[in-house]
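In: The following block contains a protein sequence and its predicted model.
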Amino acid sequence: MTSAQRGQPRFERLLVTGGAGFIGSCFARDVLARRDGTHITVLDKMTYAGNPANLAPITSDPEQAARFRLVVGDIADPAVVAPLVAQADAVINFAAESHVDRSILDPEAFLRTDVLGVHVLLEACRVEQTRAAAGHRERSPRFLQVSTDEVYGSVETGESREDDRLEPRSPYSAAKAAGELLVNSYVVTYGLDAVLTRGSNTYGPYQHPEKLIPLFLTNAIGDQQLPLYGDGLQRRDWLYVADHAGAIGHVLEHGVTGQAYNVGGGNERTNREIVTLLLDRLGKPWSLVRQVEDRPGHDRRYAMSSSKLAALGWQNKVTFEAGLAATIDWFAANDAWWRPIKSGEWETYYSRQYGARLAGSSKASQ
């Protein structure tokens, strides 16, 4: 009888890297909330984007807490990674420097985590593959690399598909593309069991306020100016975080080794449309919006086909309208979570990123 037939998960011991961040913590919360016996170890460097409060629903629940462990460490450190991978049935790599604006300010940090860190994880998995072949463990761990639609570059028309050429245009997306190529090389060269997911713009509760939706939400709540890049007509496909996390879990269980799967939201909107929806629900005026200098190399549009993932049996569950409403209401009700984040290092970053832009901004036409 298989584990699935017994009602047990296929992978009972998961190593979730970057699991104190936005999408990784959602994945950990949702998996442990199933109460199916899965154990999760989160490895997180606890940079500005890693937040223990994201894991509070787990640690405050005795049953879930008994199946959970948090390790503070760097995925680029082999001494930290090796023993954790040795205990895992699967490794899901959410760990990444992920904000394009920060990659423009400090590209090197992105190379360390998004390229070298991926290499260290893959090497640890390869060691365990060798141990499994020698009979020292039941099977080698499966590796899942969480990537992004940004590796395709700006898509003027149509939708990106998994076999399209990668054309990253920022230090962030270039580092993520490099990580993908490393994963593929380990599948081909060493026969490693690995799969890839490429997610579209994700939003939802617990998202760091450096990103567009939580930035504009929290600024608007405080009646602060909203720095809208350029004309605000950049188009993104928006994906609710629980759907993104669920799709990753589905690919982990059912994905074919060596394959990539696009995870889209099916909700293409301009940044200007998003801002209008946020302000309307909060009852805030458009006069808060300021048109600021665009960021260098700003991709105009992302769009992906998720037909391959649909054929694998996954379907998103949360509509854009419901997801955005839930997100707005969560941030409005949880200022104790986000206000401490928007202090200290945040103030330095915000001034560096937006200070001169806002000083030279103009009123955004509605």
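Out: That came in fine, so what should we check first?
In: So in the chain, where's the weakest helix or strand by average pLDDT?
Out: Ranked by mean pLDDT, DSSP states H and E, the weakest helix or strand in the chain is helix 100-105, scoring a mean of 74.
In: C-alpha coordinates for the very next helix or strand once past that helix, PDB please?
Out: Scanning forward in sequence from helix 100-105 by DSSP states H and E, the next helix or strand is helix 107-111. C-alpha atoms of helix 107-111 as PDB (Å, rounded to 0.1, in the frame of the first residue of the first chain):
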ATOM      1  CA  PRO A 107      23.100  43.200  -7.400                       C
ATOM      2  CA  GLU A 108      25.800  41.200  -5.600                       C
ATOM      3  CA  ALA A 109      23.500  40.000  -2.800                       C
ATOM      4  CA  PHE A 110      21.200  38.500  -5.400                       C
ATOM      5  CA  LEU A 111      24.000  36.400  -6.900                       C
END
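In: which other helices and strands contact the helix or strand just after helix 107-111?
Out: Using DSSP H and E, the helix or strand that follows helix 107-111 in sequence is helix 117-133. Helix 117-133 sits against helix 78-86, strand 90-93, strand 142-148, helix 171-190, with contacts defined as 3 or more C-beta pairs under 8 Å, 6 or more residues apart in numbering; DSSP states H and E. (C-beta placed from N, C-alpha, C; glycine too.)
In: can you rerun that using 6 Å?
Out: helix 78-86, helix 171-190 (3 or more C-beta pairs under 6 Å, 6 or more residues apart in numbering; DSSP states H and E).
In: which one of those lies closest to residue 294?
Out: With C-beta to C-beta as the criterion, residue 294 lies closest to helix 171-190 of the helices and strands packed on helix 117-133, at 16.3 Å.
In: tell me what that closest one is packed against?
Out: So helix 171-190, by 3+ C-beta pairs under 6 Å, 6+ apart, packs with helix 100-105, helix 107-111, helix 117-133, strand 142-148, strand 194-199.
In: residues making contact with that helix?
Out: Helix 171-190 is contacted by residues 100, 103, 107, 110-111, 114-115, 118-119, 122, 126, 145, 147-148, 150-151, 166, 168, 192, 194, 196, 258 when judged by C-beta atoms under 6 Å, 6 or more residues apart in numbering.
In: List the buried residues for that helix?
Out: Going by neighbour count (16 or more other C-beta atoms under 10 Å), the buried part of helix 171-190 is 171-180, 182-184, 186-187.
In: before we move on, the earlier item: make TSV out of the helices and strands packed on helix 171-190 and add mean neighbour count and distance to residue 59.
Out: Formatted as TSV, the helices and strands packed on helix 171-190 follow (neighbours: other C-beta atoms under 10 Å; distance: least, C-beta to C-beta, whole Å):
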stretch	mean neighbour count	distance to residue 59
helix 100-105	18	28
helix 107-111	17	28
helix 117-133	20	25
strand 142-148	25	23
strand 194-199	24	26
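In: Relative to the whole chain's centre, how far out is stretch 126-138?
Out: From the chain centre to the centre of stretch 126-138 is a distance of 30 Å (C-alpha atoms, centre = their mean, to the nearest Å).
In: Can you show me the strands along the chain?
Out: Using DSSP state E, the strands of the chain run over residues 13-17, 39-44, 68-72, 90-93, 142-148, 194-199, 201-203, 226-229, 235-240, 260-263, 268-270, 289-292, 362-363.
In: Just the mean pLDDT for the third one, thanks.
Out: Taken as a whole, strand 68-72 has an average pLDDT of 98.
In: Then stretch 137-154?
Out: 96.
In: any idea how far residue 342 is from residue 97?
Out: Distance of residue 97 to residue 342, given as C-beta to C-beta, to the nearest Å: 19 Å.
In: So the two - more neighbours on which side?
Out: Using other C-beta atoms under 10 Å as the criterion, residue 97 and residue 342 rank with residue 97 on top: 23 against 20.
In: which ones are touching the closest residue to that one other than its chain neighbours?
Out: Counting by C-beta to C-beta, 6 or more residues apart in numbering, residue 110 is the residue found nearest to residue 97 once chain neighbours are left out, at 4.4 Å. Going by C-beta under 6 Å, 6+ apart, residue 110 touches 97, 103, 171-172, 175.
In: pLDDT weak spots in this structure?
Out: 1-9, 98-99 (pLDDT under 70).
In: quick one: contacts for the most centrally placed residue in the chain?
Out: Nearest residue to the geometric centre of the chain (C-alpha atoms, centre = their mean): residue 23, 4.6 Å. By C-beta under 6 Å, 6+ apart, the contact list for residue 23 reads 94, 202, 241, 244.
In: Do I have it right that the third one meets residue 201?
Out: No: using C-beta atoms under 6 Å, residue 241 is not in contact with residue 201, being 10.7 Å away.
In: Count the neighbours of residue 139 for me.
Out: Residue 139 has 12 nearby residues by other C-beta under 10 Å.
In: Would you mind measuring from it to residue 87?
Out: Distance from residue 139 to residue 87, by C-beta to C-beta: 13 Å.
In: re the thing from before, turn the helices and strands packed on helix 171-190 into a markdown table, columns for distance to residue 213.
Out: A markdown table is the format used below for the helices and strands packed on helix 171-190 (distance: least, C-beta to C-beta, whole Å):
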| stretch | distance to residue 213 |
| --- | --- |
| helix 100-105 | 15 |
| helix 107-111 | 22 |
| helix 117-133 | 27 |
| strand 142-148 | 16 |
| strand 194-199 | 15 |
